[in-house]
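J.: Provided below are the primary sequence and the corresponding predicted coordinates.
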Amino acid sequence: MTGQEQPAVRCRGLAYSFHRGRGKGPVVRAVDGVDLEVRPGEVFGLLGPNGAGKTTTIRAITTLLPTARGMVEVFGHDCAAERTGVRRLLGYVPQALSADAGLTGRENVALFARVFDVPRAERAARVAQALAAVDLTEAADRMAGTYSGGMVRRLELAQALVSAPRLLVLDEPTIGLDPIARAGVWERVDAVRRATGMTVLVTTHYMDEADRHCDRIALMDRGRIRALGTPGELKARVRAESAGSADAPEQQAPTLDDVFRHFSGRALADDAKEGEFSDVRRTRRTASRVG
Ligand SMILES: Nc1ncnc2c1ncn2[C@@H]1O[C@H](COP(=O)(O)OP(=O)(O)OP(=O)(O)O)[C@@H](O)[C@H]1O
């Protein structure tokens, strides 16, 4: 089998636990036996509420959690045994800010080009190309600190794209952005994917975005995958399985929120109320940086 035919991502029995309270508190099973495959060239969405285990799964796939249990591969390369090889295939936009406000947009992208071993002779052209792909050519020589939230997110996308990754991993790429900026981020992701055939793995808790932009989605809750398929397949399953029951979504076609409620037994909004301190702090940090 050639690398091209391998799944972009394959997880089998992936599990990871945290100890709360500096190792003395209870154990939290952040990821609890995840099996999934992302096909080459698709946009795959990992969906779920705060604390579902999405970021932990992403960190295992991006080789940032070396001690995870189970098996994770990227294009056939084992994430535990071949970390450097896997990293060469990846572009990653984490949830936390990865751009430096004190550098220009171009300098930020150039930094990533150096770190990710883009050959020196190609660097300037590749940096310019990545900036153009996210519509930041005109703003490229301004300090990133003067950018709007949407521009910062697009800059981070350019940083991840400069190494021409086969797999682009985006952790909540549109959190804290207004609807226009959110659409702007997705437009660039969709365009780059169409142009390059790159695979995209994205986490989000915006069901409407996943519905519009993802080829397939996995619904994650409390460390486990509760359902996996195209948005259309999942909605059709809910329609079929809840036909005639008292809680059937009345007449209307089910939304992905209905799908989540059906497979997890609760509403997504329940978790918004229960967010933990770390979740709140993380969201605020994101919000203040884009304000
Ligand atoms: N460093 C950590 N120490 C202790 N617990 C953690 C740590 N990171 C995550 N957790 C816990 O693991 C669980 C899964 O967290 P994770 O960040 O993977 O979820 P998520 O679905 O990405 O949510 P969010 O959208 O809030 O990032 C949560 O209960 C979280 O509190």
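T.: Arrived safely.
J.: what's around F112, how many residues?
T.: 21 (other Cβ atoms under 10 Å). The C-beta positions use only the backbone N, C-alpha and C, and glycine is treated the same way.
J.: do E233 as well
T.: Neighbours of E233 using other Cβ under 10 Å come to 14.
J.: and V34, how many neighbours?
T.: Residues near V34, counting by other Cβ under 10 Å: 24.
J.: from here on, count from 41
T.: Sounds good: first residue 41 from here, last item V74.
J.: Would you list the phi and psi of it?
T.: phi -100, psi 130 (degrees, to the nearest 10).
J.: contacting residues around the closest residue to it other than its chain neighbours?
T.: The shortest distance from V74 to any non-neighbouring residue, by Cβ to Cβ, 6 or more residues apart in numbering, is to L54 (4.2 Å). By Cβ atoms under 8 Å, 6 or more residues apart in numbering, the contact set of L54 is 71, 73-75, 97, 100, 108-112.
J.: again with G145
T.: When contacts are taken as Cβ under 8 Å, 6+ apart, G145 is in contact with 171, 176, 179-182, 184, 187, 191, 195, 198.
J.: Just give the nearest non-adjacent residue to it, would you?
T.: A180 (4.6 Å).
J.: and the lengthiest helix in the chain, how far out from the chain's middle?
T.: In the chain, taking DSSP state H as the definition, the longest helix is helix 219-236. Relative to its chain's centre, helix 219-236 lies at 14 Å (Cα atoms, centre = their mean, to the nearest Å).
J.: Within the sheet, what are the partner strands of the following helix or strand past that helix, with directions?
T.: Going down the chain from helix 219-236, the next helix or strand is strand 239-244, by DSSP states H and E. Paired strands of strand 239-244, with direction, are strand 83-87 (parallel), strand 207-211 (parallel) (DSSP bridges).
J.: Model confidence at the nearest residue to R233 once chain neighbours are set aside, what's the number?
T.: The shortest distance from R233 to any non-neighbouring residue, by Cβ to Cβ, 6+ apart, is to V240 (5.7 Å). Looking at V240, its pLDDT stands at 96.
J.: Tell me the confidence at the residue nearest to V74?
T.: According to the model, L54 scores 95 on pLDDT.
J.: Just checking, which of the contacts of L54 comes out lowest on pLDDT?
T.: Per-residue pLDDT puts A108 lowest of those, at 75.
J.: Now do the same contact list for it.
T.: If you count contacts by Cβ under 8 Å, 6+ apart, then A108 has 54-56, 71, 100, 119-120 around it.
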